[in-house]
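> coordinates only, sequence not included:
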């Protein structure tokens with residue numbers, strides 16, 4: 001399949017006009033139309049709805065467009081990789097969890113783009129799991145226990161979690177001394193994660209908790225526990241500042257939360273990894289690891 005035809009198709013979708021896309025590539029309207037017709041014949045589907053004034057992608061065209069973009073970008077990146085200067089370049093599409101992205105990715109983006117002036121970036125914030133291949137993302141940041149997949153992953157940082165509460169709540173309701181005491185407290189939960197596992201000196205313990213608030217947003221949970229509503233299980237990347245100020249107090253110093261969750265960068269498995277992707281992941285790894293800055297003031301007993 002001719003890359004020039006893919007390029008014409010992508011430009012036509014962007015412009016909403018086949019003639020304009022053709023002019024940009026030095027093609028007459030008749031030639032541009034013939035090239036798109038030939039592409040549709042080879043694909044075996046109609047890709048564009050055409051009117052006298054505009055073109056819009058069909059359902060098949062929309063699906064094809066994402067893959068066409070990736071083919072063109074990978075060709076550009078392959079060429080960039082062997083250019084004399086070797087500088088990462090191109091458009092970088094990244095998806096990140098919303099709360100983590102706002103707190104720890106967004107502040108770093110200006111520095112990264114200043115360091116790499118030939119890269120442009122699209123930063124997509126979403127707490128839902130995004131299929132990065134189908135949706136055309138170059139990489140994703142995920143906070144998870146990764147399962148087997150076709151994606152390649154690089155660990156960027158540990159995801160340490162602690163059980164904590166505000167001093168005001170503990171003064172009002174008392175401080176739980178054992179993890180089993182949590183059943184008598186107002187425990188605030190993220191989504192349906194109400195079974196909390198601990199590694200204690202006596203072995204693994206699981207406690208089913210309940211309380212007055214359940215939420216799917218990390219920021220809501222952070223604000224509620226900081227204002228003394230109850231006890232929560234939180235990642236240290238989310239509450240580092242509150243711990244440092246004493247607004248939140250970590251509980252159960254002899255126990256740790258059992259977890260295999262970490263902060264990962266994931267990207268599609270391929271022999272060729274674009275320089276722009278390598279540059280971004282390496283940049284984050286340098287800023288976060290091996291001991292992320294949000295954990296540097298954390299007592300050693302919680303760094304397990």
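Yep, it's here. These figures come from a predicted structure and were not determined experimentally.
> so what's residue 120 up against?
Counting by C-beta atoms under 8 Å, 6 or more residues apart in numbering, residue 120 makes contact with 90-92, 113. Where you see a C-beta, it was placed from the backbone N, CA and C, and this is true even at glycine.
> name the helix or strand for it, please.
Per DSSP states H and E, residue 120 falls inside strand 119-125.
> name the helices or strands packed onto the helix or strand that that strand is followed by?
With elements assigned by DSSP H and E, the helix or strand that comes after strand 119-125 is strand 139-144. Secondary-structure packing of strand 139-144 (3 or more C-beta pairs under 8 Å, 6 or more residues apart in numbering; DSSP states H and E): strand 90-96, strand 262-268, helix 275-288.
> flag the shaky bits of the stretch 201-304 of the chain, pLDDT-wise.
Regions of the stretch 201-304 of the chain meeting the criterion pLDDT under 70 cover residues 269-272, 299-304.
> which residues of it fall in strands?
Applying DSSP state E, counting those that start in this stretch to the stretch 201-304 of the chain gives strands spanning 203-208, 214-215, 231-235, 249-250, 256-257, 262-268.
> a markdown table for the ones you listed, including distance to residue 34 and mean neighbour count?
Output for the strands of the stretch 201-304 of the chain, formatted as a markdown table (distance: least, C-beta to C-beta, whole Å; neighbours: other C-beta atoms under 10 Å):
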| stretch | distance to residue 34 | mean neighbour count |
| --- | --- | --- |
| strand 203-208 | 67 | 12 |
| strand 214-215 | 56 | 16 |
| strand 231-235 | 56 | 25 |
| strand 249-250 | 69 | 16 |
| strand 256-257 | 63 | 19 |
| strand 262-268 | 34 | 20 |
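> nearest to residue 290 among the ones you listed would be which one?
Ranking the strands of the stretch 201-304 of the chain by distance to residue 290, with C-beta to C-beta as the measure, places strand 262-268 first at 11.9 Å.
> so how far is that closest one off the chain centroid?
Mean-position distance between strand 262-268 and its chain equals 8 Å (C-alpha atoms, centre = their mean, to the nearest Å).
> report all helices and strands that that strand contacts.
By 3+ C-beta pairs under 8 Å, 6+ apart, strand 262-268 packs against strand 139-144, strand 151-158, helix 275-288.
> rewinding a little: now do the buried residues in the strand holding residue 120.
By 16 or more other C-beta atoms under 10 Å, the buried positions in strand 119-125 come out as residue 119.
> before we move on, back to that, redo the strands of the stretch 201-304 of the chain as TSV? Include distance to residue 68.
Below are the strands of the stretch 201-304 of the chain laid out as TSV (distance: least, C-beta to C-beta, whole Å):
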stretch	distance to residue 68
strand 203-208	49
strand 214-215	40
strand 231-235	38
strand 249-250	51
strand 256-257	45
strand 262-268	16
